[in-house]
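**Q** predicted model and sequence follow; I will ask about them next.
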Amino acid sequence: MDLFYGRGASPMLIASQEKAFDDPDWIYELKLDGIRALAYLDRGMADFRNKRNLKINNRFPELEQIHKQVAGKCILDGEIVILKNGVPDFYALQKRTLLTDKFRIELESSRFPAAFVAFDCLYREEKELIWEPLTARKQILQELVRETGRIAVSRYSEGRGTALYHAAEQQELEGIVAKRKASIYRMGKRSRDWIKCKRMADEEFIVAGYIQKGKHTFSLVLAKYRQGTLVYKGHVTSGVTRDAVKELDVTGENPFHLLPAGNEQAVWVYPDHVCVVEYMPNTIQVLRQPVFKGYRLDVTPQEVVI
């Protein structure tokens, strides 16, 4: 089936490592703190899909006209971001994804408009490009897009990953993504041809409950599945707001085989919310300086496994 009409594309996944590197056979891009999306663009239409292939246009009405900025039918891979002071603000983006009221979405899109930053092209005018080398796809992407405030093309550096990583550190950005110049686009698969090097590590967890520690202080109880059974993985407090807790549905039943120590006062919830927690990398199985980054609407709890 045609990749465009069947909406059959899925994003290539990215491996990770801590240390940046230099290599003339690689390019390096800034890693943006946004929502990964595939954009199906054609005359008169723009269709944005998240990693679960769910349409997300209704959350970002300001992006529905960007098809006018591309020269023909295409599928672009990129990140939806909201910039504040020139830096991606994931919290503002997270707030947008949780809105359902059309008026509030329109209001937020006027106050803090999103943009789509494209970094790859999978398809152009009836032709799949996934078997083309990255450098060829980058050239096609550059020719396709006419940049505006709502759509841009990701810049990259050739061969010099360490310098770009240090620049990302200085600007307090997420980090960089290294990509092999000759890499093909492996839909839905993780490959060492694309490697992210981040200042902070992040990980997905299932929310199993919460503990109220003060009038405005909450801690989320984190878990992952192991062979279909929830396993306790710790807590996160920093970044957790009352609004984040309101998203959860209380069940009252402890989901673990045994009650984890220190969770006697927990309020248990249905384990149907996946969140992202950012933390300092370390060699022990403990979350160091964890920070709640928000919920992931494009990841199911069944995907969060040990």
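**A** Arrived safely.
**Q** going by C-alpha atoms from here, please, whenever you check contacts or count neighbours.
**A** Will do.
**Q** CA-only coordinates of stretch 106-116 in CSV, if you can.
**A** What follows is stretch 106-116 as a C-alpha-only set of coordinates in CSV (Å, rounded to 0.1, in the frame of the first residue of the first chain):
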residue,chain,number,x,y,z
GLU,A,106,-7.2,28.4,20.2
LEU,A,107,-6.2,30.7,23.0
GLU,A,108,-3.0,28.9,23.8
SER,A,109,-2.1,28.6,20.1
SER,A,110,-2.3,32.4,19.9
ARG,A,111,-0.3,33.0,23.1
PHE,A,112,2.3,30.3,22.6
PRO,A,113,2.2,29.1,19.0
ALA,A,114,3.8,25.7,18.1
ALA,A,115,6.2,25.1,15.2
PHE,A,116,7.2,22.0,13.3
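**Q** how far does that stretch sit from the chain's center?
**A** 18 Å (CA atoms, centre = their mean, to the nearest Å).
**Q** average pLDDT for that stretch?
**A** Confidence over stretch 106-116 (mean pLDDT, whole number) is 96.
**Q** how far away is K293 from E128?
**A** 35 Å (CA to CA, to the nearest Å).
**Q** between those two, who's got more neighbours?
**A** K293 (19 against 16; other CA atoms under 10 Å).
**Q** verify the contact between the more buried one and E278 for me.
**A** Yes - applying CA atoms under 8 Å, one finds K293 in contact with E278, separated by 6.6 Å.
**Q** how about the contacts made by the residue most central in space within the chain?
**A** A centroid search over the chain (CA atoms, centre = their mean) returns I35, at 3.9 Å, as the residue closest to the centre. I35 is in contact with 50, 79-81, counting by CA atoms under 8 Å, 6 or more residues apart in numbering.
**Q** next one: I195
**A** Contacts for I195 (CA under 8 Å, 6+ apart) come out as 14-17, 177-179.
**Q** which helix or strand contains it?
**A** Using DSSP states H and E, I195 falls within strand 190-198.
**Q** list the buried residues for that strand?
**A** 191, 193-198 (16 or more other CA atoms under 10 Å).
**Q** how about low-confidence regions in the chain?
**A** Where the chain drops to pLDDT under 70, the residues are 281-285.
**Q** who does the strand holding I195 pair up with?
**A** Paired strands of strand 190-198, with direction, are strand 13-16 (parallel), strand 175-180 (antiparallel) (DSSP bridges).
**Q** would JSON lines of the ones you listed with mean neighbour count and distance to E247 be doable?
**A** Formatted as JSON lines, the strands paired with strand 190-198 follow (neighbours: other CA atoms under 10 Å; distance: least, CA to CA, whole Å):
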{"stretch": "strand 13-16", "mean neighbour count": "16", "distance to E247": "28"}
{"stretch": "strand 175-180", "mean neighbour count": "24", "distance to E247": "30"}
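**Q** quick one, which of the ones you listed gets closest to P133.
**A** Of all the strands paired with strand 190-198, strand 175-180 sits nearest to P133, with 9.0 Å by CA to CA.
**Q** so what touches the closest one?
**A** The contact list for strand 175-180 (CA under 8 Å, 6+ apart) reads 25-32, 134, 161, 164-165, 168-169, 193-199.
**Q** let me see the contact set for L63.
**A** 46, 57, 114-116, 150.
**Q** ditto for R190
**A** 12-15.
**Q** one more: V81?
**A** Applying CA under 8 Å, 6+ apart, the residues near V81 are 32-35, 88-90, 93, 114-117.
**Q** re earlier: by neighbour count, which of the contacts of L63 wins?
**A** Top of these by neighbour count (other CA under 10 Å): F116, with 28 neighbours.
**Q** mind listing the helices for the stretch 201-306 of the chain?
**A** Listed in chain order, the helices of the stretch 201-306 of the chain (DSSP state H, counting those that start in this stretch) span 242-246.
**Q** which stretches of it form strands?
**A** Secondary structure of the stretch 201-306 of the chain (DSSP state E, counting those that start in this stretch): strands at 201-212, 218-226, 229-236, 267-268, 274-280, 288-295.
**Q** and the fourth one, how far out from the chain's middle?
**A** Its chain's C-alpha centre and that of strand 267-268 lie 27 Å apart, by CA atoms, centre = their mean.
**Q** strand partners of it, parallel vs antiparallel please.
**A** strand 201-212 (antiparallel).
**Q** coming back round to it: in CSV, list the strands paired with strand 190-198 along with distance to R104.
**A** Converted to CSV, these look like this (distance: least, CA to CA, whole Å):
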stretch, distance to R104
strand 13-16, 33
strand 175-180, 32
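**Q** the residue lying closest to H235 once chain neighbours are set aside - how many residues pack around it?
**A** In space, and not counting its chain neighbours, H235 is closest to V221: 4.8 Å by CA to CA, 6 or more residues apart in numbering. Neighbour count for V221, taken as other CA under 10 Å: 24.
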